[in-house]
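Peer 1: A predicted structure for the sequence below; I have some questions about it.
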Amino acid sequence: MDSKQPIHTKIWSLDESMVRHAPEAPGVYALWKEGRVIYYGRACGDGATIKSCLIEHISGMRGASTRGATHYLPGLRPELPPRAQTGA
């Protein structure tokens with residue numbers, strides 16, 4: 001298999017009108033700028049969803065480096081293990 005074959009998938013514009021269609025579930029995602037991936041992220045649950053994370057990137061809450069992203073690609077939503085519980 002040629003490792004240089006492109007992956008044919010749809011990336012979405014990273015703006016408020018498109019993010020409202022993002023998954024409201026935990027999972028992984030990638031942010032793009034000028035045709036290149038600039039960030040890989042993971043929404044781990046406990047209220048964090050792919051959609052909520054993308055909104056934070058748009059607003060700049062996750063730093064200036066990802067605020068300039070222009071597109072996103074939601075990834076597979078694997079079953080994420082629950083966080084370890086600590087108790088007294």
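Peer 2: Thanks, I have the structure now. Numbers count the residues shown, from 1 in each chain.

Peer 1: which residues of this protein fall in helices?
Peer 2: 16-19, 50-59, 64-67 (DSSP state H).

Peer 1: which one of those helices is the most hemmed in?
Peer 2: Stretch with highest mean neighbour count among these: helix 50-59 (a mean of 19; mean count of other C-beta atoms under 10 Å). Using the backbone N, CA and C atoms, a C-beta is placed for each residue, glycine as well.

Peer 1: Identify the residues contacting that helix?
Peer 2: If you take C-beta atoms under 8 Å, 6 or more residues apart in numbering as the criterion, helix 50-59 is touched by 14-16, 19-20, 22-29, 31, 39, 41, 43, 62, 66-67, 69, 72, 74, 77.

Peer 1: Including distance to residue 10 and mean pLDDT, could the helices of the chain go into a markdown table?
Peer 2: Below are these laid out as a markdown table (distance: least, C-beta to C-beta, whole Å; pLDDT from 0 to 100):
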| stretch | distance to residue 10 | mean pLDDT |
| --- | --- | --- |
| helix 16-19 | 11 | 92 |
| helix 50-59 | 15 | 95 |
| helix 64-67 | 20 | 90 |
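
Peer 1: Tell me which of the ones you listed lies nearest to residue 35.
Peer 2: Among the helices of the chain, the nearest to residue 35 by C-beta to C-beta is helix 64-67 (15.9 Å).

Peer 1: Show me how far that closest one is from its chain's centre.
Peer 2: Here helix 64-67 is found 13 Å from its chain centre; the criterion is C-alpha atoms, centre = their mean, to the nearest Å.

Peer 1: Against which helices or strands is it packed?
Peer 2: When contacts are defined as 3 or more C-beta pairs under 8 Å, 6 or more residues apart in numbering; DSSP states H and E, helix 64-67 sits against strand 36-43, helix 50-59.

Peer 1: what lines up beside the shortest one in the sheet?
Peer 2: Same thing as strand 36-43. strand 27-33 (antiparallel) (DSSP bridges).

Peer 1: how many degrees apart are the strand it pairs with and helix 50-59 in direction?
Peer 2: In terms of direction (axes from the mean of the first three to the mean of the last three C-alpha atoms, to 10 degrees), strand 27-33 departs from helix 50-59 by 30 degrees.
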